[in-house]
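Asks: no letters, just coordinates:
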């Protein structure tokens, strides 16, 4: 099993009770406090302990077993879907200024799309990206 970079959570060894020095409190034993601090034992080296295998840790370890081609497909389909979402608003630049509530909406919609070929490209990119991501899922 691999070495862990985490230190164990353990309870400290029982030691003498520490008295904190408060500079605003008048204390007659100021020399006793400095002698007491010097006589405390130094803590030992921390011991290492194996990490706990959680579901998240297992998921991270299983990421190494994913085939490289699946990662390439996921990146490609994500970028294609993003391209479709970026292209879509460019096709409707004149739509918000020209819609009349009294006219036939479907006919007006098709008449007012500024770049019809761009609409097809955006729909194809979005459809391909969404289909590819669903396939990978």
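Replies: Great, that's in hand. Owing to the predicted nature of the structure, the values given are computational and were not obtained by experimental measurement.

Asks: in the host helix or strand of residue 71, what counts as buried?
Replies: Residue 71 is part of helix 68-91 when elements are defined by DSSP states H and E. Using 16 or more other C-beta atoms under 10 Å as the test for burial, helix 68-91 gives 77, 80, 81, 83, 84, 87, 88, 91. Any C-beta I mention is one placed from the backbone N, CA and C, and that applies to glycine too.

Asks: residue 83: what's its closest spatial neighbour, skipping adjacent residues?
Replies: Counting by C-beta to C-beta, 6 or more residues apart in numbering, residue 83 lies nearest to residue 125, which is 4.9 Å off, once chain neighbours are set aside.

Asks: the strand or helix carrying that neighbour vs helix 68-91, what angle?
Replies: Element membership for residue 125 (DSSP H and E) is helix 116-136. Put simply, helix 116-136 runs at 150 degrees to helix 68-91, going by axes from the mean of the first three to the mean of the last three C-alpha atoms, to 10 degrees.

Asks: what comes up buried for helix 116-136?
Replies: Buried-residue list, helix 116-136, by 16+ other C-beta under 10 Å: 119, 122, 125, 126, 128, 129, 132, 133.

Asks: returning to that earlier point: measure the residue nearest to residue 83 to residue 60 for me?
Replies: 32 Å (C-beta to C-beta, to the nearest Å).

Asks: check contacts around the closest residue to residue 122 other than its chain neighbours.
Replies: Setting aside the residues directly before and after it, residue 122 is nearest to residue 87 in space (C-beta to C-beta, 6+ apart), at 3.8 Å. Counting by C-beta atoms under 8 Å, 6 or more residues apart in numbering, residue 87 touches 118, 121, 122, 125.

Asks: farthest pair within those?
Replies: Spanning the widest gap among these are 118 and 125, at 10.5 Å by C-beta to C-beta.

Asks: how about low-confidence regions in the chain?
Replies: 1-38, 92-113 (pLDDT under 70).

Asks: looking at it, residue 70 is touching residue 135, isn't it?
Replies: No: judged on C-beta atoms under 8 Å, residue 70 makes no contact with residue 135 at a distance of 10.5 Å.
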